[in-house]
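Chemist: A structural model of the following input is requested.
(4 chains)
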2 protein chains.
Amino acid sequence: MAHMTPAIPRLAADPIAEAHRQWVAHGWESAADGMAAITSLMRAHQIFLARVETVLRPFEVSFARYEVLMLLHFSKRGALPMRTIGSRLQVHQTSVTNAVDRLEAASLVKRLPHPTDRRATLVELTRTGRVLAEKATAALNAEVFTDTGLSPRAVKDVVKTLGQLRRSAGDF
Amino acid sequence: MAHMTPAIPRLAADPIAEAHRQWVAHGWESAADGMAAITSLMRAHQIFLARVETVLRPFEVSFARYEVLMLLHFSKRGALPMRTIGSRLQVHQTSVTNAVDRLEAASLVKRLPHPTDRRATLVELTRTGRVLAEKATAALNAEVFTDTGLSPRAVKDVVKTLGQLRRSAGDF
DNA sequence: GTCAGATACTAGGACATCCTACTAAATTTC
DNA sequence: GAAATTTAGTAGGATGTCCTAGTATCTGAC
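Modeler: Coordinates of the predicted model:
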């Protein structure tokens, strides 16, 4: 049955700590911590996205599409205009078009004309979509969100510190 | 000149805090913090990647390609095998092929046969590549890394906590 | 009321990431 | 030493993100 080798092998040393040393060695002390923080962010993102996508694979949705489903699931009518989806998820409009195209092809959502604004399109969760959203959430909660590999305290710290970060960046 | 409207508008409320409330309201308390942490990670990544890419745009390299250049810049000979690049940056081999293809097309690196292993390919930084890496670093340091929008203490916290996170995920 | 400007969405394209599959070369096994 | 396995790299395809451009519709200024 061959290889259980991960697609990307592990490393002995932390490459970010190494980069930080290099930054300091080159006299860029004042930027070294910021570089390390942002690079850490990139890696952590990559790791967790991969984990989430693995759990979602059986449901045949990506995390991007799952987020759309949950947004609709939480909305009162189970329907939102495209633009609202983009704003809430903070992604480009064309990314929403892309995600909704695929969700619609999988019969998880349906496009409807907006009742008062003929420019706009409402995206409505189908019954199938709602069921899938619930099942996918149960899987993510069980396999990823409940145990991230950090202590409860550290998890709260991440939320808080990244919250500051997002706020200072003008995210909300 | 028209619109200075950002491509993605800002929000009044924090959508992650809202999602956290929804999680708790649905009885998923034990997963709520983990969900918020991972979602925060996704957004923070997006924000900082955009910032970095904006600074790098004038140099006509992406962050992915910049990372390859810096890795070579820090290596003793200014040359590394493809596989080593993938391992250090923790990206898939095919992503390295992609990045090196573009860097080579821009004459920033050069592919060379490995002296002892005929399967392997060395990637060598060109003079142009080295100069560009230094200039791009100066720009990133000045415009992004030195001031991330957080206090120096918070920046260190991010590095530390995400470091734990990466470690627990088996990143190194 | 008209018309200019803003807003909602889609189309097409550039990149980055991953995956599977394939070739060539090195290493390990027996 | 020959065969099986592992490793290095590339090709082609899927998905996601962004950007620019273009159409349709709504809003607000006059």
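Chemist: low-confidence ranges, chain A, go.
Modeler: Residue ranges of chain A with pLDDT under 70: A:1-12.
Chemist: what about the longest helix in it?
Modeler: When chain A is parsed with DSSP state H, its longest helix is helix A:29-56.
Chemist: next SSE downstream of it?
Modeler: Per DSSP states H and E, the first helix or strand lying C-terminal to helix A:29-56 is helix A:63-74.
Chemist: touching DNA strand C at all, that next one?
Modeler: No: judged by Cβ under 7 Å from any atom of the strand, helix A:63-74 and DNA strand C are separated, with a smallest distance of 11.8 Å. C-betas here are computed from N, CA, C, even on glycine.
Chemist: quick one, that helix and helix A:29-56 angle?
Modeler: On the basis of axes from the mean of the first three to the mean of the last three Cα atoms, to 10 degrees, helix A:63-74 is oriented at 70 degrees to helix A:29-56.
Chemist: distance from the chain centre to helix A:63-74, please.
Modeler: When C-alpha coordinates are averaged (Cα atoms, centre = their mean, to the nearest Å), helix A:63-74 and its chain have centres 10 Å apart.
Chemist: stretch A:26-37 too?
Modeler: 27 Å.
Chemist: now the longest helix of chain A: buried residues?
Modeler: A:31-49, A:51-52, A:55-56 (16 or more other Cβ atoms under 10 Å in any protein chain shown).
Chemist: quick one, what contacts the residue nearest the centre of chain A?
Modeler: Geometric centre of chain A, nearest residue: A:Phe63, 5.7 Å, by Cα atoms, centre = their mean. Going by Cβ atoms under 8 Å, 6 or more residues apart in numbering or on different chains, A:Phe63 touches A:49, A:52-53, A:56, B:42.
Chemist: dump the residues you listed to a markdown table, plus distance to B:Ala138.
Modeler: A markdown table is the format used below for the contacts of A:Phe63 (distance: Cβ to Cβ, whole Å):
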| residue | distance to B:Ala138 |
| --- | --- |
| A:Leu49 | 30 |
| A:Val52 | 36 |
| A:Glu53 | 36 |
| A:Leu56 | 41 |
| B:Met42 | 29 |
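Chemist: okay, those residues in TSV with distance to DNA strand D next?
Modeler: Output for the contacts of A:Phe63, formatted as TSV (distance: Cβ to the nearest atom of the strand, whole Å):
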residue	distance to DNA strand D
A:Leu49	9
A:Val52	11
A:Glu53	9
A:Leu56	9
B:Met42	9
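Chemist: now do the helices in chain A.
Modeler: Using DSSP H, the helices of chain A run over residues A:15-25, A:29-56, A:63-74, A:82-89, A:93-105, A:127-140, A:152-168.
Chemist: quick one: is the third one near DNA strand D?
Modeler: Yes: looking at helix A:63-74 against DNA strand D by Cβ under 7 Å from any atom of the strand, the contacts come from A:64-65.
Chemist: equivalent analysis for the fifth one, please.
Modeler: Yes: for a cut-off given as Cβ under 7 Å from any atom of the strand, helix A:93-105 has contacts with DNA strand D, namely A:94-95, A:98-99, A:102.
Chemist: drop anything exposed from these.
Modeler: A:95, A:99, A:102.
Chemist: which of those residues lies closest to DNA strand C?
Modeler: A:Ser95 (8.7 Å; Cβ to the nearest atom of the strand).
Chemist: pretty sure that closest one sits against A:Gly86.
Modeler: Yes: between A:Ser95 and A:Gly86 a contact is recorded at 7.2 Å, counting by Cβ atoms under 8 Å.
Chemist: picking up where we left off before, redo the buried ones among the residues of helix A:93-105 next to DNA strand D as TSV? Include distance to B:Thr148.
Modeler: Below are those laid out as TSV (distance: Cβ to Cβ, whole Å):
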residue	distance to B:Thr148
A:Ser95	25
A:Ala99	29
A:Arg102	34
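Chemist: wait, A:Leu56 sits on A:Leu69?
Modeler: No: using Cβ under 8 Å, A:Leu56 is not in contact with A:Leu69; the gap is 10.5 Å.
Chemist: so for the two, which residues contact both of them?
Modeler: Shared contacts of A:Leu56 and A:Leu69 (Cβ under 8 Å, 6+ apart): A:Ala136.
Chemist: can you get me a residue count around the closest residue to A:Gly78 other than its chain neighbours?
Modeler: Spatially, and ignoring its direct neighbours in sequence, A:Gly78 is nearest to A:Leu125 (4.2 Å; Cβ to Cβ, 6 or more residues apart in numbering or on different chains). When neighbours are counted by other Cβ atoms under 10 Å in any protein chain shown, A:Leu125 registers 25.
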